[in-house]
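K.L.:
Here's my sequence, what's the structure:
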Amino acid sequence: MPISDRTDPKGAGRAKAIPALFACAALALSGCQMALPTASGNGNALPMAELDAGQITVRGPAGYCIDAKSLRSSGARQFALVAQCDLLTRGEIEGVSSLSFMTVTAVRSSDDTPLPTASQIAATFGPAKVLNQTTRNGVIYVQLSDGGQRATRNATPVHWRGVMQVAGHTLGLAAYSTEGGAASGRGGRDLLMSLVTNIRQATTGTVTGDSIAVQKPDG
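P.N.:
Below is the predicted model:
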């Protein structure tokens with residue numbers, strides 16, 4: 001089962017390990033199937049991970065880790081699945097009956113590559129509608145009415161996507177959740193914003209994502 005009922009028979013409200021969680025590439029230009037396995041020890045949860053020979057460093061929001069088995073750090077498209085650390089290390093999350101997870105896809109691009117519009121992002125998931133959108137610090141965030149279930153059949157259709165540029169790469173981001181999870185509402189946007197901040201800080205040492213040299217004053 002991709003995702004089973006997260007409530008255990010005793011009603012303890014634990015999010016159980018997921019045998020297979022299929023995550024599509026965040027840019028949604030072509031799908032990919034990635035499995036989030038059952039917990040297999042702390043080595044399965046990475047606090048951060050490097051993509052494209054260290055040009056991009058992915059670090060999740062507080063409480064989220066990179067699934068080591070999902071990591072694709074080289075090739076034309078690099079990928080990382082970001083999930084709750086407890087799920088990756090222990091296979092369950094105490095007191096939580098719903099899951100939220102994120103994906104990061106990176107492709108090399110020139111600095112002048114235009115970001116897609118909200119409508120263009122939505123068109124990839126037709127007939128998805130744009131429910132909310134915002135642009136902050138050069139990153140576009142879009143809440144879509146459909147498409148979340150493509151990550152796993154138990155994810156809610158409503159989910160958030162984001163697109164950004166950093167260090168010569170375009171990054172596609174996505175936040176999903178199962179029923180009742182934070183990522184389908186405004187919390188999904190907030191998760192992506194935290195992810196963006198952490199990626200920029202870890203990759204460039206700045207919040208904006210500009211290089212250190214660019215931010216230094218002249219002289």
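K.L.:
Which of the residues in whichever helix in the chain runs longest are classified as buried?
P.N.:
Secondary structure of the chain per DSSP state H: the longest helix is helix 186-204. By 16 or more other CB atoms under 10 Å, the buried positions in helix 186-204 come out as 188-200, 203-204. For glycine as for every other residue, the C-beta is placed from the backbone atoms N, C-alpha and C.
K.L.:
Closest one of these to Ala62?
P.N.:
Among the buried residues of helix 186-204, Ser194 lies closest to Ala62 (CB to CB), at 7.5 Å.
K.L.:
what's the closest one in contact with, if anything?
P.N.:
By CB atoms under 8 Å, 6 or more residues apart in numbering, the contact set of Ser194 is Pro61, Ala62.
K.L.:
Ok, Ser177 next?
P.N.:
Here Ser177 is in contact with Ser98, Leu99, Ser100, Phe101, Gly148, Ala155, Thr156, His159, Ala183, Ser184, Gly188 (criterion: CB under 8 Å, 6+ apart).
K.L.:
switch the cut-off to 6 Å
P.N.:
Residues counted as contacts of Ser177 (CB atoms under 6 Å, 6 or more residues apart in numbering) are Ser100, Ala183, Ser184.
K.L.:
Please give the element, helix or strand, for the closest residue to the second one other than its chain neighbours.
P.N.:
If the residues on either side of it in the chain are set aside, Ala183 comes closest to Ser177, at 3.6 Å by CB to CB, 6 or more residues apart in numbering. Element membership of Ser177, judged by DSSP states H and E, is strand 169-177.
K.L.:
Quick check: the gap between Thr206 and Met164.
P.N.:
Using CB to CB, to the nearest Å, we find Thr206 at a distance of 13 Å from Met164.
K.L.:
And the two? Which one has more around it.
P.N.:
Neighbour totals were compared for Thr206 and Met164, and Met164 leads with 23 against 14 (other CB atoms under 10 Å).
K.L.:
I'd assumed the more buried one was in a strand, is it?
P.N.:
Yes: looking at Met164 with DSSP: H, G, I helix; E, B strand; the rest coil, it is inside a strand.
K.L.:
That one contacts Val139, doesn't it?
P.N.:
Yes: contact criterion CB atoms under 6 Å: Met164 and Val139 qualify, at 4.2 Å.
K.L.:
overlap in contacts of those two?
P.N.:
Going by CB under 6 Å, 6+ apart, residues that sit against Met164 and also against Val139 are Val196.
K.L.:
For Ala182, grab the count of nearby residues.
P.N.:
15.
K.L.:
do the same with the one 3 residues further on
P.N.:
The local packing of Gly185 (other CB under 10 Å) involves 16 other residues.
K.L.:
Give me the phi and psi for it.
P.N.:
According to degrees, to the nearest 10, the main-chain angles of Gly185 amount to phi -100, psi -160.
K.L.:
what sits against Cys85?
P.N.:
Ala45, Gly63, Cys65.
K.L.:
Helix or strand with the lowest mean pLDDT in the protein?
P.N.:
helix 212-215 (a mean of 36; mean pLDDT, DSSP states H and E).
K.L.:
thinking again about what came up before, out of the contacts of Ser177, which sit inside helices?
P.N.:
Per DSSP H, the contacts of Ser177 never map to helices.
K.L.:
which one of those sits closest to Pro114?
P.N.:
For the contacts of Ser177, the nearest to Pro114 is Ala183 (26.6 Å; CB to CB).
K.L.:
Mind jotting down where the strands sit in the protein?
P.N.:
15-16, 45-46, 49-51, 56-58, 64-67, 78-84, 92-93, 100-108, 130-136, 139-144, 159-166, 169-177 (DSSP state E).
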